[in-house]
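**Q** Here is a sequence with its predicted model. Questions after.
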Amino acid sequence: MALKTDLDEDAMARGLLELRNTPVKGMAPSERVFGRVMRTLIPSLNLGRRSGEEFEMAAEKLSRLEEQRERAFNKTARLRDASDITAGSKVRVRDHVTGRWDTSGEVIEVLPHQQLKVKLQEGLVSIRNRSHIRLDVAGTGPQDTGGARPQDDEEAGPGDPRPRRSTRERRRPQRLGTAA
């Protein structure tokens, strides 16, 4: 097309730029794509084409999104309130290597910034973040049972830290159309 009409490629590019920056129904096509007003070659004092109502609607939408983001964060955040743990509370401490809650201890002091000073069962004193500490409910730690666990045929009692498992007979999965 440019060859037939003897248009300069640079002039054609500038013309397309202005066409993309021309508002149609309140908003320019480039503004819809990029979310902002693009630079133009024509000088203009009205750089912001949005009206006051559009700014108010955008501000309301932004505040709704911020509230939604905060609710989602609070819903999924693993922050716990440390007010339920006081000095002298029996707690379980998560092992940072294995990820298990197999160490128990007693809180010596509640520190700022969700930290607790805990005297572990082994006699060591450790400072841990609240996210790695749980209250030891009814002393269910291995120190109370002597480390012994009930056998599979015995029923687990309320002091057993193992999760209760179903006794339902399980079937092997059928994979790739083969029955086992």
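**A** Sure thing, it's come through. Residues are numbered from 1 along each chain as shown.
**Q** quick one, helices of this structure?
**A** 2-5, 9-20, 29-34, 52-76, 142-145 (DSSP state H).
**Q** Which single strand of the protein contains the most residues?
**A** With secondary structure taken from DSSP state E, the chain has its longest strand at strand 103-111.
**Q** Return the set of buried residues in stretch 110-118.
**A** Residues of stretch 110-118 classed as buried under the neighbour-count rule (16 or more other Cβ atoms under 10 Å) are 110, 114, 116, 118. The C-beta positions use only the backbone N, C-alpha and C, and glycine is treated the same way.
**Q** Reformat those as JSON lines; add distance to Lys61.
**A** Output for those, formatted as JSON lines (distance: Cβ to Cβ, whole Å):
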{"residue": "Val110", "distance to Lys61": "41"}
{"residue": "Gln114", "distance to Lys61": "34"}
{"residue": "Leu116", "distance to Lys61": "41"}
{"residue": "Val118", "distance to Lys61": "46"}
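**Q** Could you find the lowest-pLDDT member of the residues you listed?
**A** Lowest pLDDT among the buried residues of stretch 110-118: Gln114, with 84.
**Q** In terms of residue numbering, what are the domains of the protein?
**A** 1-43, 51-79, 82-145 (automatic domain parsing).
**Q** Turn those into CSV, columns for distance to Ser166.
**A** Output for those, formatted as CSV (distance: least, Cβ to Cβ, whole Å):
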stretch, distance to Ser166
domain 1-43, 53
domain 51-79, 28
domain 82-145, 21
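**Q** That concludes my questions; thank you for your assistance.
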